[in-house]
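[1] sequence and predicted structure, then a few things I'm wondering about:
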Amino acid sequence: MGVNGRRRGQVAWAGLALPEVVLLGALIAWSFVVVVHLLAELHGGSLTGADGPFPADQLQYLAWMRDSGTHGLAGDLFEIPRGARVFVQPMWLLSGLLWRAGASLPVAMFVWKPLVAVALALGIRAYVARMIADLSAVSRSAVVLLAVGYSSPFLLLTNRGSSLAGEMFSAGQLWGYLPSVLAVALMPVYLLLLERAMSVPARPRAGTLLGLGGSAALVGWLHPWQGETLLLLTAGLVIWRRAWRSAPLLIGLGASALPLAGYFALAHLDPSWRTAQAAENISSGSFVDLVIALAPLAVLAATGLRQPAGDLQEQALLLWPAASVATFAVLAPSFPGHSLEGIAIPLAVMSARGLLRVRLPEHLHRSHLRGAPLGLAVGALVLTIPGVANSTHFALRLVGDGRGGQIIDPSERSALRYLASLPGSGGVLAPATIGAAVPAFTGRPTWVGHPAWTPDYNARYRLASAVSKAALPPPAGRAAVQASRARYVLVGCGSPDLAELLGPLMTSSHRFGCATVYTLR
């Protein structure tokens, strides 16, 4: 990101060269690949706003968005009665306000894609320019490509490690997991601001300190796993440098700890958040999976190790991947694999330093292929393109025709609009696939929806499916419906008439094409 000859610590944030413009444009276009795929699969349906392989996650984001836009705070809508409104997420609050202003929920979600893609590319570009001096635009772009697009080529040889490799693949997170990408993008910004603040210890600028604390707090607020990594990294710098009274480092520690303390309180004080943490408290993979996912880049990074001496950024470069792995192994209370997001950035920098030492044989030298840049370009392509192609194929296969939650049929959309128009806040019993969309598109709680936020999800999934298919004897079906405490039953296309099953529980029914809403006493 810098200009050749800039002194250490100074980084230019403008002046993109053509290769960098191309890479930035490609990253923005990449973020919409699944959306384009889904548009080709619409066939009269409409996008929900979910574009990841696991749409329940994005449907939860959309529910938070709607709730935040309406009430300021968001609560858990994947349980009847709804959870208390105790949470605010900055991105979804802004999107909720945009929705209140008239934008559709998908637009309010997708508007973040280009913004987050730009933040990711520019943040890494600035960091790379600081860490590797005098790079050409092509070489700098190769390092950024490696940082955002690393996906272990070992995945082509084995089915192990795909989950952890997906976590490290930052560009892949642009499909549905925008908060985590923005948190990763802010990590290099935080380190650059920290260095700027530390370079004038007597009187750092107030704006620099404000940006430092704000970026640290946002990292943890947007993605607590990344926040834990940043907290460990900063604590490591305090210890390594023996900077016990350094104001910038203490601000970084305090600001990164603050949102983590909030999440800790939610997980221990709010029943919905306790349910979510218990449901997600599972392993993301074994040590073997970690090796398969990380080894190619980690081994190459070892060739670019340097003696950090007293250089803060060199120390942080070593601490960053160590903090990620430590969070993965010890600290993360749920889904430890999320801790590995962003680890490719420092490893890509070290790998690039190793690759820059590769020299072509004398007889291959030409004016446009001299020395190191070709080795860097080849290394970046080998460590990105095969894995990216494999990950893309896998993700698009999971998305399929989008009827798992990314696309909603016109009949079901009309039924959801009807439920949204009704007074009161009664909950909805529906099969899990459409049930996951109920909170976002009606503002009502659903009895079964998100696997982590719905209590006893597997049992409820089976029971809701049996009710929607009228597969239970009427007495058992009515008992299940009453136990759900739902005010409405929603069934989509392919479900039989439930009038006989519901019997005296039902007061009315409204049909919308092949979807039906039953109102209960």
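    Looks like it arrived, so ask away. Numbers count the residues shown, from 1 in each chain.
[2] how about the strands in the protein?
    Taking DSSP state E, the strands of the chain run over residues 46-47, 407-408, 428-429, 488-491, 506-512, 515-520.
[3] tell me the helices and strands packed up against the fifth one.
    The elements that strand 506-512 packs onto, with contact taken as 3 or more Cβ pairs under 8 Å, 6 or more residues apart in numbering; DSSP states H and E, are helix 410-421, strand 515-520. From N, CA and C alone the C-beta is placed, and that goes for glycine too.
[4] wait, isn't residue 181 in contact with residue 174?
    Yes: using Cβ atoms under 8 Å, residue 181 is in contact with residue 174, at 5.7 Å.
[5] so what sits against both of those two?
    116, 117, 120 (Cβ atoms under 8 Å, 6 or more residues apart in numbering).
[6] may I see the PyMOL selection of the buried members of the residues you listed?
    One line in PyMOL is enough to select the buried members of these, burial here meaning 16 or more other Cβ atoms under 10 Å:
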select buried, resi 116+117+120
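[7] with pLDDT and distance to residue 30 added, can I get the shared contacts of residue 181 and residue 174 in TSV?
    TSV is the format used below for the shared contacts of residue 181 and residue 174 (pLDDT from 0 to 100; distance: Cβ to Cβ, whole Å):
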residue	pLDDT	distance to residue 30
116	98	12
117	97	8
120	97	11
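[8] so, low pLDDT: which residues of the stretch 101-250 of the chain?
    Applying pLDDT under 70 to the stretch 101-250 of the chain flags residues 161, 201-202.
[9] which residue ranges form the helices in it?
    105-110, 112-131, 137-149, 162-168, 178-199, 206-222, 224-241, 247-269 (DSSP state H, counting those that start in this stretch).
[10] next up, the contacts around residue 480.
    By Cβ under 8 Å, 6+ apart, the contact set of residue 480 is 463, 466, 467, 472.
[11] which residues touch the first one?
    Think residue 463. Contacts of residue 463 by Cβ under 8 Å, 6+ apart are 448, 480.
[12] can you tell me how far it sits from residue 478?
    As defined by Cβ to Cβ, to the nearest Å, residue 463 lies at a distance of 12 Å from residue 478.
[13] got the buried residues for stretch 132-148?
    Neighbour-count burial for stretch 132-148, counted by 16+ other Cβ under 10 Å, picks out 132, 135, 137-148.
[14] distance from it to the middle of the chain?
    24 Å (Cα atoms, centre = their mean, to the nearest Å).
[15] got a list of contacts for that stretch?
    Residues contacting stretch 132-148 (Cβ under 8 Å, 6+ apart): 1, 4-5, 17-20, 22-23, 27, 120-121, 124-125, 128-129, 170-171, 297, 344-345, 348-349, 351-353, 356, 372-373, 376-377, 379-380, 383-384.
[16] flag the shaky bits of this structure, pLDDT-wise.
    1-14, 161, 201-202, 280-285, 333, 358-372.
[17] domains of it?
    18-33+114-360+368-399, 409-520 (automatic domain parsing).
[18] which one of the ones you listed lies nearest to residue 69?
    Among the domains of the chain, the nearest to residue 69 by Cβ to Cβ is domain 409-520 (10.0 Å).
[19] what's the first-to-last distance across the closest one?
    24 Å (Cα to Cα, to the nearest Å).
[20] ok, now which ones touch the residue nearest to residue 221 when sequence neighbours are not counted?
    Counting by Cβ to Cβ, 6 or more residues apart in numbering, residue 221 lies nearest to residue 259, which is 4.1 Å off, once chain neighbours are set aside. Residue 259 makes contacts with 217, 220, 221, 224, 227, as judged by Cβ under 8 Å, 6+ apart.
[21] equivalent analysis for residue 497, please.
    470, 516.
[22] surely residue 38 and residue 48 touch.
    No: at 9.3 Å, residue 38 and residue 48 do not qualify as touching, with contact defined as Cβ under 8 Å.
[23] overlap in contacts of those two?
    In contact with both residue 38 and residue 48: 406, 407, using Cβ under 8 Å, 6+ apart.
[24] can I have the buried ones of the contacts of stretch 132-148 as a ChimeraX selection?
    One line in ChimeraX is enough to select the buried ones among these; burial here means 16+ other Cβ under 10 Å:
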select :1,19,20,23,27,120,121,124,125,128,129,170,171,297,344,345,348,349,351,352,353,356,372,373,376,377,379,380,383,384
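[25] check the gap between residue 452 and residue 98 for me.
    26 Å.
[26] now do the same contact list for residue 326.
    Residues in contact with residue 326 (Cβ under 8 Å, 6+ apart) are residue 232.
[27] quick one: it from residue 227, how far?
    From residue 326 to residue 227 the distance is 14 Å (Cβ to Cβ).
[28] try residue 383
    27 Å.
[29] could you do residue 246 as well?
    20 Å.
[30] who has more neighbours, these two?
    Using other Cβ atoms under 10 Å, the more surrounded residue of residue 246 and residue 227 is residue 227, with 25 against 18.
[31] which residues touch the nearest residue in space to that one that is not next to it in sequence?
    Leaving aside its chain neighbours, residue 227 sits nearest to residue 220 (2.4 Å; criterion: Cβ to Cβ, 6+ apart). Contact analysis of residue 220 by Cβ under 8 Å, 6+ apart lists 183, 226, 227, 228, 230, 231, 256, 257, 258, 259, 260, 263.
[32] wait, residue 149 touches residue 169, no?
    Yes: Residue 149 is within contact range of residue 169, at 7.0 Å (criterion: Cβ under 8 Å).
[33] sorry, back to before: to residue 84, which of the domains of the chain lies closest?
    Of those, nearest to residue 84 by Cβ to Cβ is domain 18-33+114-360+368-399, at 6.6 Å.
[34] now do that closest one: distance to the chain's middle.
    With Cα atoms, centre = their mean as the basis, the mean position of domain 18-33+114-360+368-399 lies at 13 Å from the chain mean.
[35] cool, thanks, signing off.
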